[in-house]
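K.L.:
All I have is the shape, not the residue letters:
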């Protein structure tokens, strides 16, 4: 039954896309984030629904969609270079089989991020893409938040739609995405036109924000707590009464503390004392190994190069006997441990050239969103007042992603690459607006009289009509 629901929805959107090809782009975003083919049980699991939507999105844009305003930007060029570099390092990978498996989805994510800005050339499309990303993630977040409230949380024990700890269904990744999208949820509550500001929209938005904040608690993901802290710091910029904001945030934390399980306290305590947790201890050892590996292989070792690591470290082990606690130090040998950081993931796999390109893509996005925010803040016209808040929301999403990415390997995460696509699309859109405004200002300068502008327009129309008659 569940398979039929998913397939019926996908087929319906494919049919609608015959008249509105952009819907096929949104369909691929939905499938790529939620992965219904992994949720279903029978028929849908054997159909290449992702490939079908991928082909429809590209084909629809090439053959059916209008391409007015589509431009190729610097960041798209950097994404293209990065994808080419990933392919180059793939050729010399020491682990070709797992590297090939990772390449199979990485190139699609990068290519789609390059393609996406070419399709979002209007405000309506920018909104539609952002809303699709939010609602696709919300499908997972709402379910997970409800399970957390009902007492189903716990590290490694909170069940999602799929029994697979990868992609967006990995606990730390989901926590980072959920927190990173909160500023965009607030934007839709205030500036959305698909669902205009209304008390029902506000209620849903607030509930979704609350569910998003529950994800780090339900999954006990330490990265999620850091992302919440980052969000709080970023919001201070847009808060006039900062002391009240800080006091209110502190009061909410104090109120929430009695309702948190002891396992959550124990898990979060390892942030301050990483040496007491094996997972946290291995991260430091892996990062040290990755720096040494990159110095020996400055051009990178290809995907999954972490499989070559092996190291020994000392870890304290507590033993409780009656009321006495003794600590003994023992050596732990580990190997083939994942990078646990996007920075070190890119450094180990793509080397220093790849890391420079990857950092440039994301830092340039933060800078571009800052420029847009400063340029358009204070604008009161309804058709333009949404631009600065959207830029700040996308900027905060990037910064929160970067905080989360410091402690998990999500350098090629498709959902965040879609945020990059949104940033590029918004930047291209406002550049066109600025160009149009500059052209209009120039025309007003050359033709200050409205009458003279009309006379010029009529004269140009008459000349065009005469040329048409001569041609005929």
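P.N.:
All right, it came through fine. What you see is a predicted model, and the numbers here were worked out from it, not measured in a lab.
K.L.:
thought residue 364 was touching residue 79?
P.N.:
No - in this structure, residue 364 is not within contact of residue 79 by Cβ atoms under 8 Å, at 10.8 Å. To be clear about C-beta, it is placed using only N, CA and C from the backbone, and glycine gets the same treatment.
K.L.:
Count the neighbours of residue 187 for me.
P.N.:
The tally of other residues near residue 187 (other Cβ atoms under 10 Å) stands at 21.
K.L.:
how about the helix or strand that contains it: buried residues?
P.N.:
Secondary structure from DSSP states H and E places residue 187 in helix 182-191. For helix 182-191, the neighbour count (16 or more other Cβ atoms under 10 Å) marks 182, 183, 184, 185, 186, 187, 188, 189, 191 as buried.
K.L.:
So the third one versus residue 65, what's the distance?
P.N.:
The spacing between residue 184 and residue 65, counted by Cβ to Cβ, to the nearest Å, is 25 Å.
K.L.:
Pretty sure residue 333 sits in a strand.
P.N.:
Yes - checked against DSSP: H, G, I helix; E, B strand; the rest coil, residue 333 lies within a strand.
K.L.:
Could I get the contacting residues of it?
P.N.:
Shown in contact with residue 333 (Cβ atoms under 8 Å, 6 or more residues apart in numbering): 310, 311, 312.
K.L.:
repeat for residue 414
P.N.:
32, 33, 105, 108, 109, 112, 113, 167.
K.L.:
residue ranges of the helices in the stretch 201-350 of the chain, please?
P.N.:
Secondary structure of the stretch 201-350 of the chain (DSSP state H, counting those that start in this stretch): helices at 222-235, 242-256, 262-272, 278-296, 342-376.
K.L.:
now those helices in TSV, with distance to residue 130 and mean neighbour count?
P.N.:
Shown next, in TSV, are the helices of the stretch 201-350 of the chain (distance: least, Cβ to Cβ, whole Å; neighbours: other Cβ atoms under 10 Å):
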stretch	distance to residue 130	mean neighbour count
helix 222-235	18	20
helix 242-256	25	11
helix 262-272	31	14
helix 278-296	33	17
helix 342-376	14	20
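K.L.:
mind putting those helices in TSV, mean pLDDT and distance to residue 426 included?
P.N.:
Formatted as TSV, the helices of the stretch 201-350 of the chain follow (pLDDT from 0 to 100; distance: least, Cβ to Cβ, whole Å):
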stretch	mean pLDDT	distance to residue 426
helix 222-235	88	18
helix 242-256	73	27
helix 262-272	57	34
helix 278-296	83	34
helix 342-376	95	7
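K.L.:
rewinding a little: ok, so of the buried residues of helix 182-191, who is nearest residue 13?
P.N.:
For the buried residues of helix 182-191, the closest approach to residue 13 (Cβ to Cβ) belongs to residue 188, at 20.8 Å.
K.L.:
Point to the residue nearest the middle of the chain.
P.N.:
Nearest to the mean C-alpha position of the chain, by Cα atoms, centre = their mean, lies residue 416 at 2.0 Å.
K.L.:
Wait, that one touches residue 177, no?
P.N.:
Yes - using Cβ under 8 Å, residue 416 makes contact with residue 177 at a distance of 7.3 Å.
K.L.:
Overlap of the contact sets of these two?
P.N.:
residue 401.
K.L.:
Grab the nearest non-local neighbour of residue 344.
P.N.:
Distances taken as Cβ to Cβ, 6 or more residues apart in numbering put residue 290 closest to residue 344, at 4.4 Å, once the chain neighbours are dropped.
K.L.:
cool, residue 106 as well?
P.N.:
residue 412 (4.6 Å).
K.L.:
same check, this time on residue 18
P.N.:
That would be residue 64: by Cβ to Cβ, 6+ apart, it lies 7.9 Å from residue 18.
K.L.:
and that neighbour, how far is that from residue 286?
P.N.:
Counting by Cβ to Cβ - residue 64 and residue 286 are separated by 47 Å.
K.L.:
Also residue 51?
P.N.:
Taking Cβ to Cβ, one finds residue 51 at 34 Å from residue 286.
K.L.:
same deal with residue 407?
P.N.:
Taken as Cβ to Cβ, the span from residue 407 to residue 286 is 12 Å.
K.L.:
Residue 59 now?
P.N.:
42 Å.
K.L.:
For the stretch 351-472 of the chain, give me the ranges with low pLDDT.
P.N.:
Residues of the stretch 351-472 of the chain meeting the criterion pLDDT under 70: 443-472.
K.L.:
any chance you could map the helices in it?
P.N.:
Counting by DSSP H, counting those that start in this stretch, the stretch 351-472 of the chain has helices at residues 387-405, 414-446, 450-471.
K.L.:
Residue 212 and residue 180 touch, don't they?
P.N.:
No - contact criterion Cβ under 8 Å: residue 212 and residue 180 do not qualify, at 9.1 Å.
K.L.:
Outline the domain layout of this protein.
P.N.:
1-65, 436-467 (automatic domain parsing).
K.L.:
sorry, back to before: so the residue nearest to residue 18 sits right up against residue 21, yeah?
P.N.:
Yes - using Cβ under 8 Å, residue 64 is in contact with residue 21, at 4.3 Å.
K.L.:
No further queries at this time; thank you.
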